[in-house]
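Peer 1: this one's structure only:
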């Protein structure tokens, strides 16, 4: 298994890993650190570190990387996308079953989701991207995610995602785009 991550500079020795008091905080999330973070996103360079996978796995699970490096799975960008695509922070929070302040903090890079919240955020991000191929507006996407669907045993797509993942939900979206009704 090979870990590929975006960074501005070569990965230093991971002596400065996060501590329990750091959990949920991105090292560069402070206002003073936001400019370097934006610069890091603009100056991405792909670097491989197969020998450090065990050390990195711990920090990736926590959603952070040492020395201000970006989380590999980009929680901030996913939260911004989902918030915008479904009609705002409150709508995203309702779909993800978290407090609106939580999705707001994720979008600002002030905190990262827990493992379960991260899985759901990634799944909703995936489905919302597909839904935007069918409907070009947030209302259509949010309505579809929150309405019982015959392709999904009359469960709401958002509930199906929680229970079964995204594969059948994406198939239901494709059926909807093709004009199939159940």
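Peer 2: Nice, I can see it. Quick caveat: nothing in here was measured; it's all calculated off a predicted structure.
Peer 1: neighbours around residue 173, how many?
Peer 2: 23 (other C-beta atoms under 10 Å). For every residue, glycine as well, the C-beta is placed using N, CA and C.
Peer 1: please look at it and residue 129 and confirm they touch.
Peer 2: No: in this structure, residue 173 is not within contact of residue 129 by C-beta atoms under 8 Å, at 10.1 Å.
Peer 1: where along this protein do the helices fall?
Peer 2: Per DSSP state H, the chain carries helices over the ranges 34-42, 53-61, 75-85, 89-96, 100-108, 115-131, 138-145, 157-164, 167-177.
Peer 1: so for residue 151, which of these sits nearest?
Peer 2: Proximity to residue 151 (C-beta to C-beta) singles out helix 167-177 among these, at 3.7 Å.
Peer 1: buried residues in the closest one, which are they?
Peer 2: Of all the residues in helix 167-177, those buried under the rule 16 or more other C-beta atoms under 10 Å are 168-170, 172-173, 176.
Peer 1: try stretch 133-152
Peer 2: Residues 135, 138, 141-142, 144-145, 149, 151-152 are the ones in stretch 133-152 that count as buried (16+ other C-beta under 10 Å).
Peer 1: what residues does it touch?
Peer 2: When contacts are defined by C-beta atoms under 8 Å, 6 or more residues apart in numbering, stretch 133-152 is touched by residues 84-88, 91, 95, 124, 127-128, 131-132, 154-158, 160, 168-169, 171-173, 175-177, 180-182.
Peer 1: switch to 6 Å and redo it
Peer 2: 85-87, 91, 128, 131, 154, 156-158, 160, 172-173, 175-177, 182 (C-beta atoms under 6 Å, 6 or more residues apart in numbering).
Peer 1: quick one: average pLDDT of stretch 112-127?
Peer 2: Per-residue pLDDT over stretch 112-127 has a mean of 94.
Peer 1: mind pulling the model confidence for residue 35?
Peer 2: Per-residue pLDDT puts residue 35 at 53.
Peer 1: identify the farthest-apart pair in the buried residues of stretch 133-152.
Peer 2: Maximum pairwise distance in those, criterion C-beta to C-beta, is 21.8 Å, between 138 and 151.
Peer 1: show me where pLDDT drops low in this structure?
Peer 2: Scanning the chain for pLDDT under 70 picks out 1-71, 181-182.
Peer 1: which one is residue 84 nearest to, not counting chain neighbours?
Peer 2: If the residues on either side of it in the chain are set aside, residue 84 comes closest to residue 138, at 7.4 Å by C-beta to C-beta, 6 or more residues apart in numbering.
Peer 1: for residue 143, see how far away residue 85 is.
Peer 2: Residue 85 sits 13 Å away from residue 143 when distances are taken as C-beta to C-beta, to the nearest Å.
Peer 1: for stretch 154-170, list every residue counted as buried.
Peer 2: Residues of stretch 154-170 classed as buried: 155-158, 160-162, 166, 168-170 (neighbour count, 16+ other C-beta under 10 Å).
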